[in-house]
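Q: Quick check, what structure comes out for this input:
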Amino acid sequence: MPTRHATLIAVVTLWICAACSSGGTSPPPPAERSVVVTHGTVAFVPDTPMSQQNTTTDEISAFLRNLYRKGFVRPEAKGPTPAPDDAPLLAIAPAFAPAARPKLAGVFTLGRNVELLRGHLAYNGGVTRDGNVVTALLGLTFRGLGSRTGEPTPVVQFTQSGDMTLQRTESGWFVRAFDLRIDVKPPPPTPTPS
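A: Below is the predicted model:
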């Protein structure tokens, strides 16, 4: 038994060393103007088959990815004049219950002429089903970088976190309520080569 344990430790150690010294290569950075969504534990009440849980979390992730991309990226101009600063808010408003819409500007805005460069949204929580009503109660954190519209250089870093309640209807998911906070500040300085 001790030999088996030592062999397992040696294999894991070699795997970690190989992963850490893979020629200094790292995965490419996410594409600009992108949102990556991941989830942790999502509990289902009542107990739900795993295939249905996977489908539901995939739906929630896709909804959030689309919502956050639309909410933080200005739509393409349809003429010589760029879209107004509030265009993203107007684009996502239909995905929110009417009572939740007045609070959007306070948490889905990075600044004048600033939009998402790239971000990562992570969530966990629970999904309940009561008859045909499916509700997701989520805790989430969205971290990212923002740049001036149309430019690739970050001018802000931000963290948005809090709670969001989603509900699924026949036409898809919508945000019934949310309690989010956003902290926007300058990005860390870029190190100069020595």
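Q: Could you use CA atoms for every contact and neighbour count after this?
A: Noted.
Q: Determine the longest helix present in the protein.
A: Identified as the longest helix of the chain according to DSSP state H is helix 50-72.
Q: Run through the neighbouring helices and strands of that helix.
A: The contact analysis (3 or more C-alpha pairs under 8 Å, 6 or more residues apart in numbering; DSSP states H and E) places helix 50-72 against strand 34-45, helix 87-92, strand 114-130.
Q: So which elements touch the shortest one?
A: If you count contacts as 3+ C-alpha pairs under 8 Å, 6+ apart, helix 87-92 packs onto helix 50-72.
Q: Now the residue most central in space within the chain. Nearest residue, chain neighbours left out?
A: By C-alpha atoms, centre = their mean, the chain has its centre lying nearest to residue 121, at 2.2 Å. Excluding the flanking residues, the one nearest residue 121 by C-alpha to C-alpha, 6 or more residues apart in numbering is residue 142, at 4.2 Å.
Q: do you know how far that neighbour is from residue 184?
A: Per C-alpha to C-alpha, to the nearest Å, residue 142 is found 12 Å from residue 184.
Q: so can I have CSV of the helices and strands packed on helix 50-72 showing mean pLDDT and distance to residue 102?
A: Output for those, formatted as CSV (pLDDT from 0 to 100; distance: least, C-alpha to C-alpha, whole Å):
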stretch, mean pLDDT, distance to residue 102
strand 34-45, 95, 24
helix 87-92, 86, 10
strand 114-130, 95, 20
